[in-house]
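K.L.:
sharing a sequence plus its predicted fold:
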Amino acid sequence: MAHHWLVKSEPSAYAWEDLVKDGKTAWTGVRNFQARNNLRAMKKGDFVLFYQSVKDPSVRGVTKVVKEAYQDNTATEGDWSCVDLEKVKPLSTPVTLAKVKADPNLSAMALIKQSRLSVMPVTPKEYDRILELAEMN
């Protein structure tokens, strides 16, 4: 069974537009143990929401895991992992953090509860609701 995830990136580091241009990327640079473990739990074919933080925080698009966890070569020390993500589609309308916070169906979402975590699981209901909100705008 496929799982759903959310990854965060600051647009100055790697924006949704960069992934659109590149088509695929190695999701490197994660240096938090819980986020690393989430990367390691990702399976090929899992869908991943791309969230832009800091400037205009919002879910921008859908990606999918095309290569499961392997050694992050950007790490100079420690046991860190990355996955390869491929662009699936942009959201019709980005789903802002304010909209997520205002939706009672998303009140338990890790994006709100663990706001500093950069890689997090998303329940199937949360994933579907984000896609619904993108279409409703």
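P.N.:
Alright, I've got the coordinates. These figures come from a predicted structure and were not determined experimentally. Residues are numbered from 1 along each chain as shown.
K.L.:
what's the longest helix anywhere in the chain packed up against?
P.N.:
Ranked by residue count, the top helix of the chain under DSSP state H comes out as helix 124-136. Contact here means 3 or more CB pairs under 8 Å, 6 or more residues apart in numbering; DSSP states H and E; on that basis helix 124-136 packs against strand 4-9, strand 47-52, strand 58-71, strand 81-96, helix 97-102. Placement of C-beta: from N, CA and C, glycine included.
K.L.:
that helix - what's its average pLDDT?
P.N.:
Per-region confidence: helix 124-136 scores 94 on mean pLDDT.
K.L.:
could you pull up the residues touching residue 23?
P.N.:
Residue 23 is in contact with 86, 87, counting by CB atoms under 8 Å, 6 or more residues apart in numbering.
K.L.:
also residue 11?
P.N.:
52, 54, 55.
K.L.:
quick one on the thing from earlier: so can I have TSV of the helices and strands packed on helix 124-136 showing distance to residue 125, mean pLDDT and mean neighbour count?
P.N.:
Below are the helices and strands packed on helix 124-136 laid out as TSV (distance: least, CB to CB, whole Å; pLDDT from 0 to 100; neighbours: other CB atoms under 10 Å):
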stretch	distance to residue 125	mean pLDDT	mean neighbour count
strand 4-9	10	98	22
strand 47-52	13	98	23
strand 58-71	15	98	19
strand 81-96	15	97	18
helix 97-102	13	96	15
